[in-house]
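[1] test case, fold it:
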Amino acid sequence: MQAANLITAQKLNEEVLFMIQSPSSLDHDTVDEVEFLDVSSRKLALVVVGPNGMFNIEKGAGVKVIFGQLSWTDSHGHQQTRTQATVPFGTVSTVVTANSVHAGDLGAAFLLLKKSSTSGSPPYSNMDQLKTHNIFPKRVPEQVRKMKFDWVKVEDRPWANGRFKGVEFYNLVGFHVRLADDTQTNICHIQMWTAGVGVSAGFHNHTDAIFCEIHACIVNGTGKGGMSWATVPDADFDPAHPDKHKFDSVVVSDLHEHGPLWRTGGDGLPLFRKNATVDYPWHAWLAGPRTEYGTQSFDVWIAFEFPPFVARSVRTDELFPRARGIYTLKNTGTGKAPTVKDGDSTDGTPIVGVAAHAAGRKDEQWNLVPAAGTDACTLTNLASGSSATSNWPPFDGQRLVGSRTSAVLGITSNWALVKAGEHDSVKIGLIGTNLVWSMNSDNFVVLDEERRGDARQLWALEKVAED
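    The predicted structure follows:
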């Protein structure tokens, strides 16, 4: 492994801004790690690993992926994979029971939670036991190393607006993570929370925020705390007086994270309100009741606020997942093979149908890469190096093009392969829409409204090589 300074940190008002090199742009053996906070029996560190790279880890540490994908073989010999989110409304352990983790094809950035004795051991019966320690290394600016990360009672936050008076509910801010390139793409914002027994963190539905939020629990004080969400329409739920018959819950145990709680379409695409915010049901962290430990036992958890992203699909019975590799595609109705016209790598070059060759030429071959954490994939033409993409907004009859430019929300270049027809034929659908690939009469590949029995919308895939 090749260590490199891929992570920088700077003070941003009362928070820290981490800038990281894009994991996708790194060599596979390049890694970097920056420890920054010791709290609640864990040392928190930000780690970046290049594509398909390996990172050595102490068994029992936790990991929370914020970019790309991590995998490892657990103590039972099973392959474990983690991405930005697990299945909707579910939970998964963050604990690694191996000596190393491996990044996916795009590399990985993740929060590492290492064991520590500096910040005490749970259960925590009072806030004096939940001291925080700045452990930034000497390589970061002095003003960052001198920062204090204190727990602030939520009632004292300006945005509390008079709520949570006398409630044992505390907040610690915060850490931004962005890419260190011209785009300065936002990866996520991280902040921490702690709540005493019986505390509700307050039902809310993010009507003024455009993010997708995941929580990872460090300590579940009672073993019964976790996330709850309304199961009825927003208008039928009173967040100030929640009816237990109108919400569901999941326990988020020590060193576990929950999956998406926001509303999604069938392909895992977030649903948006008219004001462009992510459509959330009313939801809240509810701490558990009193325990044998006495009058108090605090929950401690971390919130990860991501830009909207595509989650796991709920159409698993219909999807036709394919392993990563090089494929040829052939349109069932015309026998034509799609290719980026003339192998041109210029953004916006149309994708056209040509007479298929028996062996498949490079211009007819497509690199299929499953999108981390989703049931969708990208398709990149080998000759042009550009990905099959629709323009935004997509519409019926729109020509598909090759593009090397980032798609809108990753949506317009993410495709779901849906079972259709015989002999493993598929329809290739744009996630979040009912538009699928079709070959028109002029031999352009276009998006069409999905129709039954239309052979021009059916595609045969044949794997010709591993990537």
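[2] quick one: contacts for Pro308?
    Counting by C-beta atoms under 8 Å, 6 or more residues apart in numbering, Pro308 touches 210-212, 270, 272, 278, 409. Every residue, glycine included, has its C-beta placed from N, CA and C.
[3] mark which of those residues are buried, thanks.
    With neighbours counted by 16 or more other C-beta atoms under 10 Å, these contain buried members at 211-212, 270, 272, 278, 409.
[4] checking Ser24 next. Helix, strand or coil?
    State at Ser24, reduced to three classes by DSSP: H, G, I helix; E, B strand; the rest coil: helix.
[5] any idea how far Ala235 is from Leu113?
    Applying C-beta to C-beta, to the nearest Å, the value for Leu113 to Ala235 is 39 Å.
[6] more crowded one of the two?
    For Leu113 versus Ala235, the count of surrounding residues by other C-beta atoms under 10 Å is larger for Leu113: 25 against 6.
[7] the more buried one - nearest residue in space that isn't next to it in sequence?
    Spatial nearest neighbour of Leu113, excluding adjacent residues (C-beta to C-beta, 6 or more residues apart in numbering): Gly62 at 3.7 Å.
[8] what do you get for Asp254?
    In this structure, Asp254 finds its nearest non-sequential neighbour in Asn220, 5.2 Å apart by C-beta to C-beta, 6+ apart.
[9] then Asn434?
    In space, not counting the residues next to it along the chain, Asn434 is nearest to Glu450; the distance is 5.0 Å by C-beta to C-beta, 6+ apart.
[10] over to Ser93?
    Across the structure, with C-beta to C-beta, 6+ apart as the measure, the residue nearest Ser93 apart from its sequence neighbours is His256 (5.4 Å).
[11] mind listing the residues bridging to the one you found?
    Applying DSSP bridges to His256 gives these bridge partners: Ser93, Cys217.
[12] show me what contacts it?
    91-94, 216-217.
[13] which stretches of the stretch 351-467 of the chain form strands?
    Listed in chain order, the strands found in the stretch 351-467 of the chain under DSSP state E, counting those that start in this stretch are 365-370, 377-381, 387-389, 401-403, 415-419, 426-430, 435-439, 445-449, 459-465.
[14] for the ones you listed, give me a markdown table that also has distance to Tyr170.
    Shown next, in a markdown table, are the strands of the stretch 351-467 of the chain (distance: least, C-beta to C-beta, whole Å):
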| stretch | distance to Tyr170 |
| --- | --- |
| strand 365-370 | 40 |
| strand 377-381 | 42 |
| strand 387-389 | 45 |
| strand 401-403 | 46 |
| strand 415-419 | 42 |
| strand 426-430 | 44 |
| strand 435-439 | 47 |
| strand 445-449 | 49 |
| strand 459-465 | 53 |
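[15] closest to Gly348 out of those?
    Using C-beta to C-beta as the measure, strand 401-403 is the one of these that comes nearest Gly348, at 5.0 Å.
[16] closest to Leu379 among the contacts of His256?
    Lowest distance from Leu379 to those (C-beta to C-beta) belongs to Val92, with 28.5 Å.
[17] for the closest one, give its distance to Asn99.
    Val92 sits at a distance of 20 Å from Asn99 (criterion: C-beta to C-beta).
[18] how about Asp236?
    Taking C-beta to C-beta as the criterion, Asp236 is separated from Asn99 by 50 Å.
[19] could you do Pro350 as well?
    From Pro350 over to Asn99 (counting by C-beta to C-beta), the distance is 49 Å.
[20] which of these two has more neighbours?
    Pro350 (17 against 12).
[21] tell me who's in contact with that one.
    340-341, 399-402, 444-445.
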